[in-house]
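In: what shape does this take:
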Amino acid sequence: MADVLVLNAGYEPLHRVSVRHAIHMLVRGVAVVEESVVGRTFGPYPLPRVLRLVRYVTMRWRYRRDHAPACTKAGVRARDGRCAYCGGPADTVDHVLPRSRGGASSWLNLVAACNTCNARKADRTPQEAGMELHLVPHIPDLSWRPAA
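Out: All right, here's what the predicted structure looks like:
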């Protein structure tokens, strides 16, 4: 079991944490077990699958429309789902405008890519490398979340 879902006191999903972190939350008394793995325990606690916070936590950052989610490699791969150049499985991310030429590490300059296409493009723009970009990089909205 890789992670545990954490619900706010009002039963809204907040995020996922490791089992170790979940046990620490139980020991500190900030959460209670809502759903557990049948027949498995960790000391006096049932092995949690879903936790609920005892007190309501306001997550203002979730509801602000003027901020995008943090740009991460996992987020870019989840957003695109496949290589932006050949359509194959995405192993890494590629800067459309290379960093050596002033390209930023942002949602609008990063696309998912396979290792082969990333190496073929190297330190060039897609046009210079003779490669077509099949996906348009965009900033995902706040309802979008990468898979945990």
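
In: longest helix in the chain, please.
Out: When secondary structure is assigned using DSSP state H, the longest helix within the chain turns out to be helix 19-28.

In: which other helices and strands contact it?
Out: strand 4-7, strand 31-42, strand 45-53 (3 or more CB pairs under 8 Å, 6 or more residues apart in numbering; DSSP states H and E). Backbone N, C-alpha and C define where each C-beta goes, glycine included.

In: so what's the residue nearest to residue 7 when sequence neighbours are not counted bridging to?
Out: The shortest distance from residue 7 to any non-neighbouring residue, by CB to CB, 6 or more residues apart in numbering, is to residue 52 (4.5 Å). In this entry, residue 52 is beta-bridged to residue 7, residue 32, by DSSP bridges.

In: got the end-to-end distance for stretch 89-100?
Out: Using CA to CA, to the nearest Å, the gap from the first to the last residue of stretch 89-100 comes to 26 Å.

In: so how far is that stretch off the chain centroid?
Out: Computed by CA atoms, centre = their mean, to the nearest Å, the chain-centroid distance of stretch 89-100 equals 17 Å.

In: list the buried ones in that stretch?
Out: For stretch 89-100, a neighbour-count test (16 or more other CB atoms under 10 Å) marks 90, 93, 94, 95, 96, 98 as buried.

In: list the contacts of it.
Out: Residues from elsewhere that reach stretch 89-100 (CB atoms under 8 Å, 6 or more residues apart in numbering): 73, 76-77, 80-85, 103, 105, 109-115, 117-118, 121, 123-126, 133, 137.

In: mind listing what residue 83 touches?
Out: Counting by CB under 8 Å, 6+ apart, residue 83 has contacts 89, 90, 112, 113, 114, 117.

In: show me these that map onto strands.
Out: The strands, defined by DSSP state E, take in 112, 113 from these.

In: adding pLDDT and distance to residue 5, write the contacts of residue 83 out as JSON lines.
Out: Converted to JSON lines, those look like this (pLDDT from 0 to 100; distance: CB to CB, whole Å):
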{"residue": "89", "pLDDT": "94", "distance to residue 5": "27"}
{"residue": "90", "pLDDT": "94", "distance to residue 5": "26"}
{"residue": "112", "pLDDT": "96", "distance to residue 5": "26"}
{"residue": "113", "pLDDT": "96", "distance to residue 5": "31"}
{"residue": "114", "pLDDT": "95", "distance to residue 5": "32"}
{"residue": "117", "pLDDT": "96", "distance to residue 5": "35"}
